[in-house]
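S.K.: I'd like to go over a predicted model; first the sequence, then the structure.
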Amino acid sequence: MDRATPSWYLAAPPDPLEAYAEMPDDSPLSHIELLAQANRAAVLEPVLRWLLHDMRNPVQALCMLTELAAEPNERATQVNLTEALSEFCRRISGDLGLIARLLRPLPEAPSPAPISIADSVRFVAELVGKHHGAPRLDPSPVLAAALPAARGTQEHLDLALLSLVVNSIEGQGKRSGWIRLTATSDTSTLRLQVQDDAPRLSPAVMAELLADSTTSAPNPSPSGLRLIAARSLVRRWGGELRAEETAEGNRFDLIVQVWPRPPG
């Protein structure tokens, strides 16, 4: 193990979704709100690891450069300290900005508002870009499209989309695959599709996603719970989540309502 890498960074914490799945069905805590929080914790854990790993090198380099700046020598003259310090500070600031948005609390009683699909897609793509070795994620079709505003809350859309993408990444395992995001809209609905070439979802997971509650199927899987939690978020604003197999892997359709335009 690298001596610079603390043991807590490598240790695998308990999976909140597995803990939720082991709860008895008659438990008073077996509720969709608790599932949403368990799913958020399970999604945040790997993503925060990506960001911490991405920050480690610039932080170490920043410490080294400050030492060089404090004691000028021949080595320091070979480095443009101002440009190097500016670049590493920019990278750290960018990662801290992503962490700040990632940790924003979910609204307890959200009021629907016009939100941007492209904004959440750009945010999730930046997060995945911090995961070195992750499947290739292509958000360009969504970012290039002229999409109307959706009805919902940005924090819920961020988490729902991130849940689907993390689910695809974990489904890929160690293989090198791809994730593609596309979007279409009409006058009333907007459909955001997350497609991948991961192994197809098992019939049990598909059944869990189609179930009316988390207790409809015995021993729900973490993948099934993650998809149910994402579906519960979009349903709060009148949306829906659907999944189906494709010739290449899986496709998840996140369907939301279009924010109505004022008459005139």
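M.R.: Arrived safely, thanks for sending. Numbers count the residues shown, from 1 in each chain.
S.K.: Let me see the ranges of the strands in the protein.
M.R.: 113-115, 136-138, 150-152, 178-185, 189-196, 240-245, 250-257 (DSSP state E).
S.K.: winner for burial among these?
M.R.: Most buried of the strands of the chain, by mean neighbour count (mean count of other CB atoms under 10 Å): strand 150-152, with a mean of 24. (Each C-beta comes from the backbone N, C-alpha and C, glycine too.)
S.K.: which helices and strands sit right next to that one?
M.R.: On a contact count with 3 or more CB pairs under 8 Å, 6 or more residues apart in numbering; DSSP states H and E, strand 150-152 meets strand 113-115, strand 250-257.
S.K.: how much distance is there from that strand to the middle of the chain?
M.R.: Put simply, strand 150-152 sits 18 Å off its chain's centre (CA atoms, centre = their mean, to the nearest Å).
S.K.: what's in contact with it?
M.R.: Strand 150-152 is contacted from outside by 110, 112-117, 157, 190, 234, 236-239, 256-260, using CB atoms under 8 Å, 6 or more residues apart in numbering.
S.K.: average model confidence for the longest helix that the chain contains?
M.R.: Ranked by number of residues, the top helix in the chain under DSSP state H is helix 32-70. Helix 32-70 shows a mean pLDDT of 78.
S.K.: With stretch 230-241 instead?
M.R.: 87.
S.K.: Repeat that for stretch 154-165.
M.R.: Regarding stretch 154-165, the rounded mean pLDDT is 92.
S.K.: quick one: contacts of that stretch?
M.R.: 39-40, 43, 47, 101-102, 104-107, 110, 115-117, 119-121, 123-124, 127-128, 137, 150, 179, 192, 194, 226-227, 229-230, 233-234, 236-237, 241, 252, 254, 256.
S.K.: go with 6 Å
M.R.: Stretch 154-165 is contacted from outside by 43, 104, 106, 115, 120, 123-124, 194, 226, 230, 233-234, 252, using CB atoms under 6 Å, 6 or more residues apart in numbering.
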